[in-house]
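Novice: Predicted model follows, preceded by the sequence.
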Amino acid sequence: MRTFWLSVIFFFSTLAFILSSSDFITKIIAQYRYETENILGSSKYRYGDMYGLCYLPYAKQASLRQEKTLIKPDTCLKPRFINLYAVCDSYLWEYVKSDPVFCGVKKYQFVRYGFNETMDVHLDTTQTNIMLLESVERNIRFVSFENYTNQVRFINTAGPGSSGDKETSGGFASFSGFIAEQINNLHGNLYNEKINQNLEFNLFDYYFFNPLKEMKARLIYSLFGRLNKEVTFIKGYPNLFLNETVDPASQNSSFNPVTDNELNSITAGLDTLYKYYRGQGFDEVYFFIPPNPVSIVAPNYSTYNDIVRRIEHHPRLIMPMIDIYDVFDTIRCPVYQVNDSHWNANGFNLWINTFNEYLKKIPKKN
Amino acid sequence: MIFTSLQFLVFFLIIFSLYYILPYRMRWPLLLIASVYFYMAFSFDFILDTGLLIIIDYFFGKWIAKASGRKRQHLLIAGILINVLFLLIFIYYNFISQNIGDLLSLFYSHAPLPYLGILVPVGLSYFTFQSISYKIEISRNNIRPEPNIGIYALYILYFPKIVSGPIERPKDLIPQFRIKHDFDFELMKSGLMQMAFGFFKKLVIADRLALVVDSAYKNPQAKNGTELLIATIFYSFQIYCDFSGYIDIALGASKTLGIRLTDNFNKPYFSTSVADFWKRWHITLSFWLRDYIYLPLAYSLSRKLKNERYFSVRTDKWIYYAATSVTFLLCGLWHGPAWHYIFWGGLFAFYLSFSIATSKPRKKFYKKTGITKYPQIHTFTKTIITFFLITFAWIFFRSDSITQATLVIKQIAGISIADHLQLPINTLELLFSVFLILFLILKEKFFFVITPKTTLSWATTLSLIILCCYFFGIFNYKQFIYFQF
């Protein structure tokens, strides 16, 4: 009997360990568990990513999924002839995965910024090709050329990211490189850096644990005034904010001062990207920066660094920017979810309308 | 793979269950594989260096056992030198080269020795001490060399103690790997309870106190005396709960496998003198230093020096002062290649020497005041004085440098009622932290070991501790303090 129970413990703990050691398997499991409504479902993003971080019961409101259902399809009458490519973060890929929302777009292809994935681009320069690049405000200071080009692979097109451009070298250097790569792979497979995160997801991220998590969050917040360190409140506002966007000491913060030199360097980087993609044959390249929620909801919390507008209106910038900050700043209704770091359907619709105005003006090639 | 991570818990469950499923002869290889895996989680790149050191030490053990007379002595010294060389290269080289460079820069414009940008293998100072202990014990004929290199490797790498001790003696640990341990439910209960309380000490107490301590010591210039005093007192308990919490988890995990490790703590803050403190704090280190440095040095000096008086102090006292100073300076250096650790060790040497030097006048003073008639008050007073002496020494231990420690002391000396408290925790949490410290003191005073009698009471107590850890623990994967040593 004892051996039976020990075998059960061994089987389940080994299973949990192996599954959580593999990012690939965990991703497959996650895709299923984020979607399903049954007992195996995950609540991590269902009620907003801020709720999934702090589990404060009051923040358990409309889910991102519900928000997505409110996204309006494109109603413009323009013929669809544009090939739209995007390197984007969750502000875009979480909300739209196909073309119907974009005006005049017949093919939409995207790659998720920062993920271990690539977008194969077969660029037909006889057609109209547009590249859309995006970075949320909190990451804009870390934008680099590689970030926006390494994940894009041109098929049958010359350029640094092309598949035919990879350098091959023989001899000892190649062999030692191969060995080093194998050791790195071995280390990565044996000791996945995200294993604790994956184990937490696989073992404890279930609906039925939520009451316990909420009880803890409520207790700690009411007694000690503390939330998960990644989340914060600002007095007088209902929203939960990412702490890194609020804490003036953080470089991701809306309140961390940005010097003119730094601004020049960011805009120069954007221009390099612009020239690169135009050089590859794109007819136009656009960049847009969704503002941090705190920049719109509570810009007076501290001294706002105004980085979005300072980039958008930079005198030397040649990269066309889709200006959304001013639209959000003047609108009276909420454009961000209170329990999520992303915009709500209203915010997204405002952005897509703005972007569609740009797309409408793009002429068809003869 | 820190002990407070989910990764460790699941890893431990796998090893624990498989250990009792496998036949007896397969158990030590399982523990060795598990220990290598655990070790590589911290020091993947150093497994070959560590393996090489284990092989060298294993063969030195054999050669020392076979040799006799002066040859044995020479082999022992050579074996120890190899261990010390590893320590020097990995831990002390940069410290020494920087100090020599600083000294020479008084005469030359450039530092002559290059800086080595190398990482330190985890647990190096712990397993080096165990390797040295193994060879010395063989040379003293206290043990025979281990014939199986796998078991010797397990003695060095055994996962519950590889990262931060306890520093085990070969005669205590190696035989346990050869004994058949049947599954013992009572031992498992006791081990799990000890682990749970270790988690409580680390997650609920140590990491909560760390919020105040880290904030104060990060920028002591910006803190006032009261804040630094609170942080310093909190640090005394933080480091105790952190280290003894780690030891409890290590001992508890090992106990569930039927292997008993040496306890490293015995209510250290109930010590009535500094000497008493070192018999209760990091016991395996202090006994190692006593057996392999202090006593051999003291015997060697006493053989060489005549029993006379120098500056009207007896030779045996001089020997005590010298041996204590060397031992504690090395103790400080063992904790890290930095002057503030050496100063910390030196401060303890001063405390102990001062205590011996003033023992007669103190006895006279006690007699005169009549405090010895009230033993409880006398003990309490001595305990409090000892606690504050140790807390004072912790300032040097916690600070990044002697300069910072001096600043902290200056700020504390300027303490004022008007000081405004700006702590990273609210008042309720501050009171809760004080309550936790009082709880710890009372628990240690009255229930040093939690031993519920029935399985039901055990399960209830264990569940309560786990729930407390869940609700009040600080889960930020903060590494154990002694991990760095």
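Specialist: Now that the structure is in, tell me what you want to look at.
Novice: Let's test this: what are the backbone torsions at A:V231?
Specialist: Main-chain dihedrals, A:V231, degrees, to the nearest 10: phi -120, psi 150.
Novice: where does the chain have its least confident helix or strand?
Specialist: No chain was given, so I picked chain A. The helix or strand of chain A with the poorest confidence is helix A:64-69; it has a mean of 64 (mean pLDDT, DSSP states H and E).
Novice: actually chain B
Specialist: Between all helices and strands in chain B, the lowest mean by mean pLDDT, DSSP H and E belongs to strand B:309-310, at a mean of 77.
Novice: Next SSE downstream of that strand?
Specialist: Under the assignment DSSP states H and E, the closest C-terminal helix or strand after strand B:309-310 is strand B:313-314.
Novice: Please list the residues of the stretch 301-450 of chain B that sit near chain A.
Specialist: Contacts of the stretch 301-450 of chain B with chain A, taken as CB under 8 Å from any CB of the partner chain, map to B:425-426, B:428-429, B:432. Backbone N, C-alpha and C define where each C-beta goes, glycine included.
Novice: Just the buried ones among those, please.
Specialist: Listed as buried from those are B:425, B:429, B:432; burial here means 16 or more other CB atoms under 10 Å in any protein chain shown.
Novice: before we move on, the earlier item: and the residues of the stretch 301-450 of chain B next to chain A, which is closest to chain A?
Specialist: The nearest member of these to chain A, counting by CB to the nearest CB, is B:E429 at 4.3 Å.
Novice: Could you give me the buried positions within stretch A:354-366?
Specialist: A:354-356, A:358-359, A:362.
Novice: list the contacts for the closest residue to chain A within the stretch 101-250 of chain B?
Specialist: Residue nearest to chain A within the stretch 101-250 of chain B: B:F183 (6.2 Å; CB to the nearest CB). Taking CB atoms under 8 Å, 6 or more residues apart in numbering or on different chains, we find B:F183 in contact with A:2, B:20.
Novice: Just to check, B:I390 is in contact with B:S236?
Specialist: Yes. The pair B:I390 / B:S236 is scored as a contact, 6.8 Å apart, by CB atoms under 8 Å.
Novice: between these two, what contacts are shared?
Specialist: Common neighbours of B:I390 and B:S236, using CB under 8 Å, 6+ apart, are B:Y269.
Novice: ok so, going back, so can I have TSV of the residues of the stretch 301-450 of chain B next to chain A showing secondary structure?
Specialist: Formatted as TSV, those follow (DSSP: H, G, I helix; E, B strand; the rest coil):
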residue	secondary structure
B:I425	coil
B:N426	coil
B:L428	helix
B:E429	helix
B:F432	helix
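Novice: From the contact counts, what lies against the helix or strand harbouring B:Q376?
Specialist: B:Q376 is part of helix B:375-398 when elements are defined by DSSP H and E. Counting contacts by 3 or more CB pairs under 8 Å, 6 or more residues apart in numbering or on different chains; DSSP states H and E, helix B:375-398 packs against helix B:225-256, helix B:274-280, helix B:339-357, helix B:402-413.
Novice: quick one: buried residues of it?
Specialist: Those would be B:378, B:382-383, B:386-387, B:389-398, for helix B:375-398 by 16+ other CB under 10 Å.
Novice: Go through these and name the one with the lowest pLDDT.
Specialist: Minimum pLDDT for these is recorded at B:H378 (90).
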